[in-house]
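> I would like to see how this sequence folds:
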Amino acid sequence: MALTLTKLFLFSVLVSSTVLTAKSELLSSKREKLSRFPVYVHDKISGTNATAATLAQASTTNQSATSFGLVRVFDNVLTVGPEMSSKKVGVVQGMLAFASQSEVTLLMSVNVMFTAGKYNGSGLTVVGRNLLSLKVKEMPIVGGTGICDKVFNLRKIRGGNVVPTSSLIVKGSLVRLMKMVVAVGSYGRCLRSAMDDWFMALDERLTTHPWLSSASFGQIKLVRSTLATLSVGSGVGEGR
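Numbers count the residues shown, from 1 in each chain. Coordinates of the predicted model:
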């Protein structure tokens with residue numbers, strides 16, 4: 001019932017680091033610059049080579065409407081395209097726990113580690129509360145390694161004069177409209193009119209068959225992957 005792992009979500013990762021002092025040990029005082037690049041997250045919650053597994057659950061979890069007490073771990077792949085066959089650029093690893101008895105709420109600890117490209121060997125750590133009913137959710141980025149550490153100066157912002165503002169923003173309201181439909185021919189990329197019925201049918205197939213990585217009908221194909229747009233700061237701003 002780990003809904004965030006079985007559905008396709010559009011993620012916008014908005015990262016910034018605001019320094020309130022005039023100088024930084026690692027970066028000069030310049031206006032913030034952002035590097036944006038999309039990646040796709042692939043999860044497979046059952047079947048052969050599943051990327052998620054149940055770690056523990058309470059004796060009452062199966063009777064809970066919110067899956068309270070369920071704890072899962074995941075090890076998902078990041079690629080440059082929506083298909084698993086596209087180039088791998090990293091992994092998303094972590095743990096989530098269903099932590100509420102009244103609403104579907106996840107306590108999440110996530111590590112995003114890059115294994116290729118400019119950020120190879122660098123990573124970000126996100127820890128926070130994910131209330132699935134919210135249209136927009138925000139979780140703080142609490143640390144980074146490699147280039148990410150230097151960019152965000154995350155190890156140096158624990159003093160009283162510097163305030164971290166890095167965060168991961170999940171726009172759940174875009175789930176329905178932005179699911180990845182990879183279509184060819186005259187259909188293009190579209191979720192309107194006649195496409196809606198087929199989209200709903202393919203979405204239902206992926207939901208009820210979590211071991212499948214994609215579902216298709218004719219020229220329409222729905223891929224189980226999450227589009228994540230990373231906005232990575234390459235500088236810091238002067239204190240206001």
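> what's Thr54 in contact with, if anything?
Contacts here follow CB atoms under 8 Å, 6 or more residues apart in numbering; on that basis Thr54 touches Leu70, Val71, Arg72. From N, CA and C alone the C-beta is placed, and that goes for glycine too.
> and it, what pLDDT?
Predicted confidence (pLDDT) for Thr54: 91.
> name the element the closest residue to Phe114 other than its chain neighbours belongs to?
Closest residue in space to Phe114, ignoring its immediate chain neighbours: Gly90 at 4.1 Å, by CB to CB, 6 or more residues apart in numbering. If you go by DSSP states H and E, Gly90 is part of strand 88-98.
> by contact count, what packs against that strand?
Counting contacts by 3 or more CB pairs under 8 Å, 6 or more residues apart in numbering; DSSP states H and E, strand 88-98 packs against strand 34-42, strand 71-79, strand 105-114.
> for the ones you listed, give me a markdown table that also has mean neighbour count.
Below are the helices and strands packed on strand 88-98 laid out as a markdown table (neighbours: other CB atoms under 10 Å):
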| stretch | mean neighbour count |
| --- | --- |
| strand 34-42 | 17 |
| strand 71-79 | 19 |
| strand 105-114 | 20 |
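> what's the closest of the ones you listed to Arg205?
With CB to CB, the closest approach to Arg205 among the helices and strands packed on strand 88-98 belongs to strand 34-42: 17.2 Å.
> quick one: mean pLDDT for that closest one?
Mean per-residue pLDDT for strand 34-42: 65.
> following that strand, which helix or strand shows up next?
Using DSSP H and E, the helix or strand that follows strand 34-42 in sequence is strand 52-56.
> that next one pairs with which strands, parallel or anti?
Paired neighbours of strand 52-56 in the sheet (DSSP bridges): strand 71-79 (antiparallel).
> where does this structure have its least confident helix or strand?
Least confident helix or strand, the chain: strand 17-18 with a mean of 28, by mean pLDDT, DSSP states H and E.
> need the helices and strands packed on strand 88-98 in a markdown table with distance to Asn120, can you?
Output for the helices and strands packed on strand 88-98, formatted as a markdown table (distance: least, CB to CB, whole Å):
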| stretch | distance to Asn120 |
| --- | --- |
| strand 34-42 | 13 |
| strand 71-79 | 12 |
| strand 105-114 | 6 |
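> for Ser216, find the nearest of the ones you listed.
Once those are compared by CB to CB, strand 34-42 is nearest, at 16.7 Å.
> on that earlier part again, right, and the helices and strands packed on strand 88-98 - which one's nearest Ala53?
Across these, closest to Ala53 is strand 71-79 (CB to CB), at 5.7 Å.
> neighbouring contacts of the closest one?
Contacts for strand 71-79 (CB under 8 Å, 6+ apart): 2, 5, 39-43, 51-57, 84, 86-98, 112, 114, 225, 228.
> give the rounded mean pLDDT of it.
Average pLDDT, strand 71-79: 90.
> quick one, what contacts the residue lying closest to Val91 once chain neighbours are set aside?
Closest residue to Val91 apart from its sequence neighbours, by CB to CB, 6+ apart: Met113 at 5.3 Å. Met113 makes contacts with Gly90, Val91, Val92, Gln93, Ser122, Gly123, as judged by CB under 8 Å, 6+ apart.
> so the fourth one bridges to which residues?
Right, the one you point to is Gln93. Asp75, Asn111.
> for it, what are its contacts?
Val73, Phe74, Asp75, Asn76, Val110, Asn111, Met113.
> then the third one?
The contact partners of Val92, by CB under 8 Å, 6+ apart, come to Val41, Phe74, Asp75, Asn76, Val77, Leu78, Val110, Asn111, Val112, Met113.
> tabulate those residues (CSV), appending distance to Val127.
Listed next are those as CSV, based on distance: CB to CB, whole Å:
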residue, distance to Val127
Val41, 18
Phe74, 15
Asp75, 17
Asn76, 17
Val77, 21
Leu78, 19
Val110, 7
Asn111, 10
Val112, 12
Met113, 15
